[in-house]
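> with the sequence up front, the predicted model follows.
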Amino acid sequence: MFLPDFAPSAHTNLRAISTRRLLRPLKFVLPGLFVAASAAQIHSQSSPVLLDSMSTELHRAFTSLGKQGDEKQPPPYFLSYSVRDNDGVFVMAQYGALARSAATHERMADVQVRIGDPKLDNTHGDHRASAVNSLQLPLGDDHQALSRTLWLATNAGYASALDNYLRVQTESQVRAKEEDTSPDFSQEQPQTAIGTPALKIAIDRAAWEKRVTALSRVFREFPDVYQNAAILSVTNTTNYFVSSEGSKIVTPNVAVRLMILAVTKADDGMDLFRAQTFEAETPDGLPSQDKLEAAVRDLGKSLEALRKAPVTEPFNGPAILSGRAAAVFFHEVLGHRLEGQRQRGDEEGQTFTKELNKDILPSFLSVSDDPTISSFKGTWLSGTYAYDDEGQKARRVDLIQDGVLKTFLMSRLPIASLSESNGHGRAQSGRVPTGRQGNLIVTSTKTETDADLRKQLIEEAKKQNKPFGLYFEDISSGFAVTTRSSPQAFQVIPLVVYRVYVDGRPDELVRGVSIVGTPLAAMKRIVATGDKPEVFNGECGAESGSIPVSAVAPAMLVSEMETQRQPQGTARPPILPIPSATGGTK
């Protein structure tokens, strides 16, 4: 699910923001947008103290733990240290005034301990979280301080792993045989890639404070925009990874993201919001101030129009998803169900587990996930990385070719049909990596111009005796349910939706629309695509935490799309009039 605010039961939310939350005082935590740094953006000298401390302490721990001859304290068969060294700048403005400006620097260490053997270890089944213990590391290059912190985290991690390994052994004696008896950890070749750390952030913070404040001030032109924020997040991150298998990796990443948010409420109580983001490799790569202010103004106009738009009724008929909307749709409806861990476990719905080498999409569609590319036609991609969070080299994975399912997104958790990682084990700090999406890319061999796609929409609506079809221009979020204890369904929340009338009336903006359905049916109803792929960047939340992702897709014509009404809301608009620019009311 794509979102900064992630609900653990959901799966992805391309930068979804809860309007209910936004109508409270705004507090944002925005994870960085990670893209591979170029040679010009990294230090000419490496900083070996942290890496040496990690390697030395890992070797000492791995060769010492469990060597006391106590059968109740077996040695680990795998140990890894992963450190994210984050250097960041955060600037936020609200209501046309600076709200926060800060420079940050932190190091977080994840210690992964596995006891038993790859076939059965302490992470089995519901115990996956027992593999990782996290602790904040000192910022300086003090070898003793770093080593002692890693020692403390390792001891805590080992104790947790011991406790859970005992539980796993007990449970394996009393539970029924599992459907998938694959091992708990795959055997992989160690990787070595020692880059140089990312540069310290060089930014004119005072200048950007003025720019961000000016962007937020534009919303003063729109009195019905009750809350707004303009947020600049710049993050330079160096990822360090060492393991008992011999892997040793240092990779730099940089991130620049400018997010604009605006919130209002319709007269009937419905919460409404719009958001737009801009990404680049450096702050200088962001659009000019004039273009940004124009985008903010368009956002304000859009919200004012949405307040006056009629609320839609439930609908089942033809629809077009714009490229951005289709990207979110594919991420939610298909992408999560192609993650490897969803193919094993008694609680998983396993929608596509038995569908390898079978048609699951129309033959004109193919889907890949390629974290090795950093941009698509000039747009930066959030889901780029060189090595995943298990120290495996990132790779392009062709998931679906000409409609036929070929493979899944794999971490080091094997499944019955696949025993090796394909470089998609990802997690935020403090979580165990699982198979996750990076840059999901949908391609088509059956493309139409926008005008022809619109004609086909109207023809399809006439064929179904519908007065209109729907056009989904922008989507904020979505979630997918993949567990078998719940319906195998999805929900996607559009922001901008139009009725396209068959009798030639102008398109009509509507609000309160929520797309719902089941994946197998939805995928088969795509009848044509546009010829202009678009990018949606965001944050995806799932069991291994919130990670940056991208999705790329052309517009899609769907013969049948089901929608329902969103919650109406119970709170009325503000009773006290908004202050005017002169201090009175307006």
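Cool, the structure landed. Residues are numbered from 1 along each chain as shown.

> what about stretch 50-62, average pLDDT?
For stretch 50-62, the mean pLDDT works out to 97.

> no no, stretch 162-174
Stretch 162-174 comes out at a mean pLDDT of 91.

> what's the answer for stretch 89-106, then?
pLDDT averaged over stretch 89-106 gives 96.

> now swap in stretch 217-229 and tell me
94.

> output the lengthiest strand in the chain as CSV, restricted to C-alpha atoms.
When the chain is parsed with DSSP state E, its longest strand is strand 97-117. What follows is strand 97-117, C-alpha atoms only, in CSV (Å, rounded to 0.1, in the frame of the first residue of the first chain):
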residue,chain,number,x,y,z
ALA,A,97,5.0,30.6,7.2
LEU,A,98,7.9,28.4,8.1
ALA,A,99,6.9,25.6,10.4
ARG,A,100,10.1,23.6,10.7
SER,A,101,13.6,23.6,9.5
ALA,A,102,16.1,21.0,10.6
ALA,A,103,19.3,19.1,9.7
THR,A,104,19.5,15.5,10.9
HIS,A,105,22.1,12.8,11.1
GLU,A,106,21.5,9.3,12.5
ARG,A,107,22.7,5.8,12.2
MET,A,108,20.5,2.8,12.7
ALA,A,109,21.9,-0.7,13.0
ASP,A,110,19.9,-3.9,12.3
VAL,A,111,21.4,-7.1,13.7
GLN,A,112,20.0,-10.3,12.2
VAL,A,113,20.6,-13.6,14.0
ARG,A,114,19.5,-17.0,12.7
ILE,A,115,19.7,-20.1,14.9
GLY,A,116,19.1,-23.7,13.7
ASP,A,117,19.8,-24.3,10.0
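
> and the next helix or strand past that strand?
Where DSSP states H and E defines the elements, the next helix or strand beyond strand 97-117 is strand 120-121.

> and residue 579, bridged to which residues?
Counting by DSSP bridges, residue 579 forms beta bridges with residue 585.

> list phi and psi for residue 320.
With angles defined as degrees, to the nearest 10, residue 320 sits at phi -110, psi 130.

> skipping adjacent residues, who's closest to residue 468 in space?
residue 499 (4.3 Å; Cβ to Cβ, 6 or more residues apart in numbering). The C-beta positions use only the backbone N, C-alpha and C, and glycine is treated the same way.

> same check on residue 555?
residue 530 (3.3 Å).

> how about the contacts made by that neighbour?
The contact partners of residue 530, by Cβ atoms under 8 Å, 6 or more residues apart in numbering, come to 323, 447-450, 453, 554-556.

> show me the two of these that sit farthest apart.
Using Cβ to Cβ, the contacts of residue 530 span at most 14.2 Å, a distance reached by 449 and 556.

> just want to know which of these two has more residues nearby.
A direct count of neighbours by other Cβ atoms under 10 Å for residue 449 and residue 556 places residue 556 higher, at 27 against 11.

> show me what that one is bridged to.
residue 321, residue 529.

> so where is the protein shaky, pLDDT-wise?
Along the chain, segments meeting pLDDT under 70 span 1-47, 477-488, 581-586.

> longest single helix anywhere in it?
Scanning the chain for the longest helix, with DSSP state H as the assignment, gives helix 143-174.

> list the buried residues in it.
146-147, 149-150, 153-154, 157-158, 160-162, 164-165, 168 (16 or more other Cβ atoms under 10 Å).

> now, which of those residues sits nearest residue 302?
Nearest to residue 302 among the buried residues of helix 143-174, with distances taken as Cβ to Cβ, is residue 153, at 47.4 Å.

> and the closest one, how far from residue 107?
12 Å (Cβ to Cβ, to the nearest Å).

> three-state assignment of the most centrally placed residue in the chain?
Nearest to the geometric centre of the chain sits residue 540, at 2.0 Å (Cα atoms, centre = their mean). Here residue 540 is recorded as strand under DSSP: H, G, I helix; E, B strand; the rest coil.

> right, and it touches residue 436 too?
Yes - between residue 540 and residue 436 there is a contact at 7.0 Å, judged by Cβ atoms under 8 Å.

> correct me, but residue 492 touches residue 330?
No - between residue 492 and residue 330 there is no contact under Cβ under 8 Å: 10.4 Å.

> give me the more crowded residue out of those two.
residue 492 (30 against 25).

> list the residues that contact the more buried one.
So residue 492 contacts 328-329, 332-333, 475, 477-478, 514-516 (Cβ under 8 Å, 6+ apart).

> that one bridge partners, please.
According to DSSP bridges, beta-bridge pairing links residue 492 with residue 478, residue 515.

> gap between it and residue 165?
Distance from residue 492 to residue 165, by Cβ to Cβ: 41 Å.

> quick check, residue 498 in a strand?
Yes - looking at residue 498 with three-state DSSP, it is inside a strand.

> for it, name its beta-bridge partners.
Going by DSSP bridges, residue 498 forms beta bridges with residue 471, residue 509.

> that one: neighbour count?
By other Cβ under 10 Å, neighbour count at residue 498 equals 18.

> and for the one 10 residues further on?
For residue 508, the neighbour count with other Cβ under 10 Å is 14.

> that one contacts residue 471, doesn't it?
No - with contacts counted by Cβ under 8 Å, residue 508 stays clear of residue 471, the gap being 10.2 Å.

> which residues are in contact with both of these two?
Common neighbours of residue 508 and residue 471 (Cβ under 8 Å, 6+ apart) are 498-499.

> for residue 423, helix, strand, or coil?
Assignment for residue 423 (three-state DSSP): coil.

> check contacts around it.
371, 387-388, 392-395, 397.

> ranges for the helices of this structure?
19-22, 48-64, 143-174, 205-217, 289-308, 323-333, 450-463, 519-524.

> residue contacts, the residue nearest to residue 468?
Going by Cβ under 8 Å, 6+ apart, the list of residues near residue 499 reads 312, 468-471, 507-508, 510.

> just the buried ones out of those residues, please.
Buried among the contacts of residue 499 by 16+ other Cβ under 10 Å: 312, 468-471, 510.

> any chance of those in JSON lines, with distance to residue 60 too?
Listed next are the buried ones among the contacts of residue 499 as JSON lines, based on distance: Cβ to Cβ, whole Å:
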{"residue": "312", "distance to residue 60": "63"}
{"residue": "468", "distance to residue 60": "69"}
{"residue": "469", "distance to residue 60": "66"}
{"residue": "470", "distance to residue 60": "62"}
{"residue": "471", "distance to residue 60": "62"}
{"residue": "510", "distance to residue 60": "64"}
